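**Student:** Just need the structure, nothing else, for what follows:
(one chain, ligands or ions: 2)
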Amino acid sequence: MARVIAVCNQKGGVGKTTTTVNLAAYIASLGRRVLLVDFDPQANASSALGATVQALVQSIYHGVAGLVGAQQLVRPTMLFNFHYIPAAPHLAGLLVELVEEQDREFILRKFLHTIRHEYDYIFIDLPPSLSLLTVNGLTAADEVIIPVQAEYYSLEGLGQLLETIDLINKNLQTELLVSGAVITMFNKNEQLNVDVARQMRSGHFPHPVFTTEIPRCVSLAEAPSFSRPVILYKPYTAGALAYRRLAQEVIAQEKPPQQPYASPDFGNFNII
Ligand code: ATP
Ligand code: MG
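**Tutor:** Ligands and ions are numbered 1, 2, ... in the order given. The predicted structure is shown next:
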């Protein structure tokens with residue numbers, strides 16, 4: 001059963017989509033079956049993976065609205081074991097349609113239920129808001145990864161995000177876990193970046209902070225214009241190698257597989 005991980009921060013432009021696309025790609029390259037769900041009406045992750053405007057005729061909107069099944073929405077990427085479901089701008093309209101709906105906080109969760117067993121990881125890229133779309137992304141997930149730019153204002157918004165996660169867990173009976181914050185667009189030569197990163201690691205942030213810091217690296221910004229993750233663009237640049245290390249850290253958090261039950265009575269086979 002997949003680990004469902006939402007990549008969330010209500011602050012805009014902090015590296016959510018860059019993290020979702022590249023972390024997902026590296027986790028797939030390390031042998032896991034991965035699905036990326038674009039749940040942001042901006043559809044940046046979809047275009048970073050090569051979705052054209054025409055191809056967005058059927059998007060996650062149609063899935064959560066119950067118009068098509070998940071299987072019809074899943075698209076391949078250029079990487080083995082890495083699929084995605086695109087978003088489209090009219091996903092924003094879903095917010096209005098959902099207001100009257102019962103269980104409106106759980107529609108993405110219900111939708112993912114039908115394909116969850118087919119993947120090891122499902123990543124959800126979320127918009128820069130704490131809207132109902134984001135709440136749906138969070139209730140659909142088991143875990144959340146929070147990309148944080150190492151700047152002063154970034155820290156200010158984090159409290160509000162953690163409060164929202166607590167409220168969701170209390171009021172909607174979920175058990176969403178913060179598996180970690182990841183520091184993005186890091187420049188070790190900028191004192192502010194270094195100070196903020198140090199603050200985050202010294203208890204300002206009450207959850208794990210991944211050891212890997214994602215450096216500011218132009219290849220990460222360029223790769224989407226070639227419709228591919230950085231692993232298929234410039235895999236030996238500092239940004240690419242950082243996302244590979246982050247993928248290894250996320251994989252290292254996996255729970256060990258359940259041991260199959262072995263009865264001592266059946267344990268004495270001799271192979272001749
Ligand atoms: P939004 O809130 O609008 O969804 P976001 O949080 O998803 O934004 P991204 O779109 O991933 O943020 O990144 C914002 C911009 O910064 C993009 O142009 C992206 O290419 C660039 N960017 C992200 N990470 C890096 C990095 N490590 N180095 C250089 N550029 C980066
Ligand atoms: Mg984004």
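
**Student:** Check which helices and strands the helix or strand of the chain with the lowest mean pLDDT sits against.
**Tutor:** Least confident helix or strand, the chain: helix 94-98 with a mean of 79, by mean pLDDT, DSSP states H and E. In terms of contacts (3 or more Cβ pairs under 8 Å, 6 or more residues apart in numbering; DSSP states H and E), helix 94-98 is packed against helix 132-140. Every residue, glycine included, has its C-beta placed from N, CA and C.

**Student:** and the next element down the chain from the helix it packs on?
**Tutor:** Per DSSP states H and E, the first helix or strand lying C-terminal to helix 132-140 is strand 143-149.

**Student:** what comes up buried for whichever helix or strand comes after that next one?
**Tutor:** Going down the chain from strand 143-149, the next helix or strand is helix 152-171, by DSSP H and E. The neighbour-count check on helix 152-171 (16 or more other Cβ atoms under 10 Å) flags 154, 155, 157, 158, 161, 162, 164, 165, 168 as buried.

**Student:** Include distance to residue 77 when you put these into JSON lines, please.
**Tutor:** Formatted as JSON lines, these follow (distance: Cβ to Cβ, whole Å):
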{"residue": "154", "distance to residue 77": "30"}
{"residue": "155", "distance to residue 77": "34"}
{"residue": "157", "distance to residue 77": "31"}
{"residue": "158", "distance to residue 77": "31"}
{"residue": "161", "distance to residue 77": "29"}
{"residue": "162", "distance to residue 77": "32"}
{"residue": "164", "distance to residue 77": "31"}
{"residue": "165", "distance to residue 77": "29"}
{"residue": "168", "distance to residue 77": "30"}
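
**Student:** Pull the distance from the least confident helix or strand of the chain to the chain's centre.
**Tutor:** Averaging C-alpha positions (Cα atoms, centre = their mean, to the nearest Å) puts helix 94-98 23 Å from its chain's average.

**Student:** And stretch 31-45, by the same measure?
**Tutor:** Between the centre of stretch 31-45 and the centre of its host chain there is 7 Å, according to Cα atoms, centre = their mean.

**Student:** wait, does it contact ligand 1?
**Tutor:** Yes - with Cβ under 6 Å from any ligand atom as the measure, stretch 31-45 is seen reaching ligand 1 through 40, 42, 44.

**Student:** quick one: the last one from residue 19, how far?
**Tutor:** To tie it back to what came earlier, the one meant is residue 44. Distance, residue 44 to residue 19, using Cβ to Cβ, to the nearest Å: 12 Å.

**Student:** How about the second one?
**Tutor:** When distance is defined by Cβ to Cβ, residue 42 is 15 Å away from residue 19.

**Student:** and the two? which has more neighbours close in?
**Tutor:** Legend: neighbour count by other Cβ atoms under 10 Å for residue 42 and residue 19, higher for residue 19 (23 against 18).

**Student:** For ligand 2, what's its nearest residue on the stretch 101-250 of the chain.
**Tutor:** Closest approach between the stretch 101-250 of the chain and ligand 2, counting by Cβ to the ion: residue 125, at 6.0 Å.

**Student:** Which one of the buried residues of helix 152-171 is nearest to residue 7?
**Tutor:** Distance to residue 7, by Cβ to Cβ, is smallest for residue 161 among the buried residues of helix 152-171, at 12.1 Å.

**Student:** Nearest spatial neighbour of the closest one, chain-adjacent residues omitted?
**Tutor:** Leaving aside its sequence neighbours, residue 161 sits nearest to residue 10 (Cβ to Cβ, 6 or more residues apart in numbering; 5.9 Å).

**Student:** Phi, psi for the one you found please.
**Tutor:** Backbone torsions of residue 10, given as degrees, to the nearest 10, read phi -70, psi -10.

**Student:** Measure how buried it is and give me the count.
**Tutor:** Number of residues near residue 10 (other Cβ under 10 Å) recorded here: 18.
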